[in-house]
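Engineer: mind looking at a prediction? Sequence and model below.
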Amino acid sequence: MLETFIVNPKNALPLAVAREVAQAPKEPRYTPLVYYGKSGSGKTHLLRAIANAFSETYGAQAVFYGNAVECFQECAHKGTSAGLDTYQAYCIDDIHLLLNDFPLQDKLLRLLEACLAGKKHCVCACSGSLVSKGFTESLRVRLARGRIVALKTPDLDVRMRFAQAQCMIRGIGMAQEHLLLLAQRCGHLSHLAEVLLKIADYAKLKQRPVEKQDIEKILKHSSGHSQVTPQDIIHRVAAYFSLAPEDITGNKRKPALVFARQTAMYLCREILGSSYALLGHYFGGKNHSTVIYAIKKIEKYIVMHTTAHREITHIKNMCLQKNNEADPCRFRRGRC
């Protein structure tokens, strides 16, 4: 996995540090190692590669890999001390999910201290800056005691080489000028990978190489999808139902509020593929069973009501619109 991380002299340091840590010496050199950068810079790729390397050394059962919320839910399920004893290495993604969640930040702080005392590995990834006001000063100071490595957004050279590698893996035949077009138009590797997958499917369907107009069409229908966030979905569902975002993430039980909340949960699952644990975190700390019930309720609603599929699809399209050009009143139940 580390071998597939594409670098040039501008971003060679993050890979060099990952290789150093992945060798898994008995005493970790950095507690923790933290990667931070914008979405699409490769943080998750490196974190997963390091986790795989740790698994080869310690065994898969001794390595935790997942996001920050799932980490503490896992430890709570096993009992905090049992959870810590189970793992020799922690690879914790998306610690920015803990912004303004000070109880969980305190748990991360205690986990870091336990890893240091037990000579266990801890590697974290964070989207955005670690100097955010949403992190406590004590956590920021503790993170800085390890090693913090910035990941830059991949430049055109890296994106071009990534596109070439993906074409080779997927058996896509593309002219260099078309690859350059894609590399120029897709600023994030995740978006570029999404577009290349659609191009592969399109070429297979049409039984011919893709042309420039095909690529333009695919780019047009792909733009913005990879940039949708849970907050986008919550805000746009709230706008559709004439509610405040706080109503969606809150605990009020009025039927209209509950339905809107369940719709937002369903769409986060449908669009983002978020885990039930993560969905519970997004929606004010709801438990696992509440999230599952909400999603199944909307799935049943879609099947049982003739206009439901149309309505939910319209809300979904609103969420995928970068600037929310869709008219929120067009299919809204009741009057606008």
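Structural biologist: Perfect, I can see it now.
Engineer: surely Val291 is in contact with Leu278?
Structural biologist: No: in this structure Val291 lies outside contact range of Leu278 using Cβ atoms under 8 Å: 9.2 Å. For the C-beta atoms, the positions are set from N, CA and C on the backbone; glycine is no exception.
Engineer: check contacts around the residue positioned nearest the centre of the chain.
Structural biologist: Nearest residue to the geometric centre of the chain (Cα atoms, centre = their mean): Asp94, 7.3 Å. Taking Cβ atoms under 8 Å, 6 or more residues apart in numbering, we find Asp94 in contact with Asn67, Ala68, Val69, Ala125, Cys126, Ser127.
Engineer: ditto for Ser129
Structural biologist: Contacts of Ser129 by Cβ under 8 Å, 6+ apart are Tyr36.
Engineer: before we move on, the earlier item: out of the contacts of Asp94, list just those in helices.
Structural biologist: Ala68, Val69 (DSSP state H).
Engineer: follow-up on the earlier one: could you pull up phi and psi at the residue nearest to the centre of the chain?
Structural biologist: Backbone torsions of Asp94, given as degrees, to the nearest 10, read phi 60, psi 50.
Engineer: ok, now Ile92?
Structural biologist: Dihedral angles (degrees, to the nearest 10) for Ile92: phi -110, psi 110.
Engineer: shaky segments in the stretch 101-250 of the chain?
Structural biologist: Within the stretch 101-250 of the chain, the stretches with pLDDT under 70 are 223-227.
Engineer: just the strands in it please.
Structural biologist: Shown for the stretch 101-250 of the chain, the strands assigned by DSSP state E, counting those that start in this stretch span residues 121-127, 147-151.
Engineer: which of those strands is buried the deepest?
Structural biologist: The highest mean neighbour count among those, using mean count of other Cβ atoms under 10 Å, belongs to strand 121-127: a mean of 25.
Engineer: any idea which of the contacts of Asp94 is closest to Val258?
Structural biologist: Val69 (22.7 Å; Cβ to Cβ).
Engineer: could you find the closest non-adjacent residue to that closest one?
Structural biologist: Of all residues not flanking Val69 in the chain, His281 sits nearest, at 4.3 Å (Cβ to Cβ, 6 or more residues apart in numbering).
Engineer: would you check how far apart the one you found and Phe241 are?
Structural biologist: 22 Å (Cβ to Cβ, to the nearest Å).
Engineer: of those two, who's got more company?
Structural biologist: Using other Cβ atoms under 10 Å, the more surrounded residue of His281 and Phe241 is His281, with 24 against 21.
Engineer: angles on the backbone of that one, please.
Structural biologist: Here His281 shows phi and psi, under degrees, to the nearest 10, equal to phi -70, psi -40.
Engineer: over to Gln88?
Structural biologist: phi -100, psi -20.
Engineer: around it, how many other residues sit close by?
Structural biologist: 20.
Engineer: and for Val303?
Structural biologist: Residues lying near Val303 (other Cβ under 10 Å) number 9.
Engineer: also Glu137?
Structural biologist: Glu137: 8 neighbours (other Cβ under 10 Å).
Engineer: got the buried residues for stretch 127-142?
Structural biologist: Ser127, Leu130, Phe135, Thr136, Leu139, Arg142 (16 or more other Cβ atoms under 10 Å).
Engineer: actually stretch 109-119, not the one I wrote
Structural biologist: Residues of stretch 109-119 classed as buried under the neighbour-count rule (16+ other Cβ under 10 Å) are Leu109, Leu111, Leu112, Ala114, Cys115, Leu116.
Engineer: what does stretch 232-248 give?
Structural biologist: Neighbour counts over stretch 232-248 (16+ other Cβ under 10 Å) mark Asp232, Ile233, Ile234, His235, Arg236, Val237, Ala238, Tyr240, Phe241, Leu243, Asp247, Ile248 as buried.
Engineer: from Lys254, how far out is the closest residue to the fourth one other than its chain neighbours?
Structural biologist: The shortest distance from His235 to any residue that is not its chain neighbour, by Cβ to Cβ, 6+ apart, is 5.3 Å, and that residue is Pro245. Counting by Cβ to Cβ, the gap between Pro245 and Lys254 amounts to 16 Å.
Engineer: just Glu3 next, same as before
Structural biologist: Glu3 sits at a distance of 54 Å from Lys254 (criterion: Cβ to Cβ).
Engineer: swap in Gln262?
Structural biologist: 13 Å.
Engineer: in terms of neighbours, single out the busier of these two.
Structural biologist: Gln262 (22 against 10).
Engineer: the more buried one: helix or strand, and which one exactly?
Structural biologist: helix 255-267 (DSSP states H and E).
Engineer: elements contacting that helix?
Structural biologist: helix 230-240, helix 245-249, helix 288-304, helix 308-320 (3 or more Cβ pairs under 8 Å, 6 or more residues apart in numbering; DSSP states H and E).
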